[in-house]
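**Q** Sharing a model that was predicted from the sequence below.
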Amino acid sequence: MEFPATRLRRLRSTAAMRSLVRETHLHPAALVYPLFLCEGEGVRREVASMPGVFNLSIDEAVKEVEECAELGIGGVLLFGVPDEKDDQGSGAWAADGITQRGLRAIKASSASKSLVTIADVCLCEYTSHGHCGIVQRDGEHYAIENDSSVALLAKTAASLAEAGADIVAPSDMMDGRIAAMRAVLDAAGKADTPIMSYASKFASAFYGPFREAAGSTPQFGDRRTYQMDGANRREAMREIEQDIAEGADMLLMKPAMPYLDIIREARDRFDLPMGAYQVSGEYSMLHAAFQRGWLEPERAMLESLLSIRRAGADFIVTYFAMNAAKIL
Ligand code: PBG
């Protein structure tokens, strides 16, 4: 009987042994929690398809950020859910817009010193049609204009930086937005504000619950002319190269679990800090299974986060951030 000289099970024998040789770790400091800011006071409105996720009025959001800070969470990512929308999305860059007011309130609280405040930059939550840019309509046909949208997005980035965002994070997928944002930020005296680019963002079915949370479902058509085709790995690398050339400081990959191969390839190729966004649909599908008792919540949650870290993400934007931080 021949036994192998190497027995890999030796290093799995106890919890202490496994802990010593563990290759990938999860830390609260590498988690970012998304927040949806809405009008009103004392509002905590649960998103039907996302158990445990709320639209929060600014006062409630400040409390949530304080709790995140106590848990050691690394950052919060802010989205605005405005009452009023128009075809340009002017609420996105309004000095007194919902996200700008939220940023000022959060930055005024001491909690904001121990975590990073990131503002999503996009128009879709603010446009009446729900697209991420300016729509040109001609009867049945419509197009999302690139360059006019970029000008508005750059203005939005500067407005959010002025309101106190530590990082601006464009998620619109227009061409040339990073260079335009850098120029406008610099001109506004915000040369020190980093840009975290959602460099490779795929047109995904997994954003469905978010669109309910943010009220940003396109009223017609879809986002396939600006967000990427899920089949394209090489094109994702070109998107990232371009954003780096335009001045991106950090990368955000999205969605996460259905695109772990893209995260790994980006990690191997590029040296920028890189996060991944475990998006709403990833969260909701796990929760649906938890509710039915089909998956063990804690273990499945941590395993999903570990898969994203192991694929190469330095940090993870996730709706599980607070729950995970409580365990870690
Ligand atoms: C805005 C934006 C979206 C998400 C983040 N920023 C929605 C979309 O592109 O339709 C999705 C996040 C999630 O699903 O959790 N453009």
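**A** That came through fine. Residues are numbered from 1 along each chain as shown.
**Q** Just the CA trace of the longest helix along the chain, in CSV.
**A** Identified as the longest helix of the chain according to DSSP state H is helix 147-162. Extracted C-alpha coordinates of helix 147-162, given in CSV (Å, rounded to 0.1, in the frame of the first residue of the first chain):
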residue,chain,number,x,y,z
ASP,A,147,-21.0,63.9,-25.3
SER,A,148,-23.9,66.1,-24.1
SER,A,149,-24.4,63.5,-21.3
VAL,A,150,-20.7,63.6,-20.4
ALA,A,151,-20.9,67.3,-19.8
LEU,A,152,-23.8,66.9,-17.4
LEU,A,153,-22.1,64.0,-15.6
ALA,A,154,-18.9,66.0,-15.2
LYS,A,155,-20.9,68.9,-13.7
THR,A,156,-22.6,66.3,-11.4
ALA,A,157,-19.2,65.0,-10.2
ALA,A,158,-18.0,68.5,-9.4
SER,A,159,-21.2,69.3,-7.5
LEU,A,160,-20.9,66.1,-5.4
ALA,A,161,-17.2,66.7,-4.7
GLU,A,162,-18.1,70.3,-3.6
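**Q** Contacts for it, please.
**A** If you take C-beta atoms under 8 Å, 6 or more residues apart in numbering as the criterion, helix 147-162 is touched by 88-89, 92-95, 97, 99-100, 103, 119, 121-123, 132-134, 168, 170, 172, 174-177, 180-181, 183-185, 187-188, 190, 193, 195. C-betas here are computed from N, CA, C, even on glycine.
**Q** go with 6 Å
**A** By C-beta atoms under 6 Å, 6 or more residues apart in numbering, the residues outside helix 147-162 that reach it are 92-93, 119, 121, 133-134, 168, 172, 174, 176-177, 180-181, 184-185, 188, 190, 193.
**Q** Same check on stretch 186-194?
**A** For stretch 186-194, the surrounding residues in contact (C-beta under 6 Å, 6+ apart) are 158, 161, 167, 185, 249.
**Q** Closest one of these to A311?
**A** When those are compared for distance to A311 (C-beta to C-beta), D249 comes out closest, at 21.0 Å.
**Q** Now do the same contact list for that closest one.
**A** 194-195.
**Q** quick one: it and G215, what's the gap?
**A** Distance, D249 to G215, using C-beta to C-beta, to the nearest Å: 30 Å.
**Q** returning to that earlier point: most neighbours among the contacts of stretch 186-194, which one is it?
**A** For the contacts of stretch 186-194, the largest number of neighbours (other C-beta atoms under 10 Å) sits with A161, at 25 neighbours.
**Q** And the contacts of helix 147-162, which of them are buried?
**A** Neighbour-count burial (16 or more other C-beta atoms under 10 Å) applied to the contacts of helix 147-162 gives 92-93, 119, 121, 133-134, 168, 172, 174, 177, 180-181, 184-185, 188, 190, 193.
**Q** Can you list which of these are found in strands?
**A** Judged by DSSP state E, the buried ones among the contacts of helix 147-162 include 119, 121, 134, 168 as members of strands.
**Q** from those residues, which has minimum pLDDT?
**A** Lowest pLDDT within these is found at I134 (95).
**Q** Hmm, it is touching E145, no?
**A** Yes: counting by C-beta atoms under 6 Å, I134 does reach E145; the two are 4.6 Å apart.
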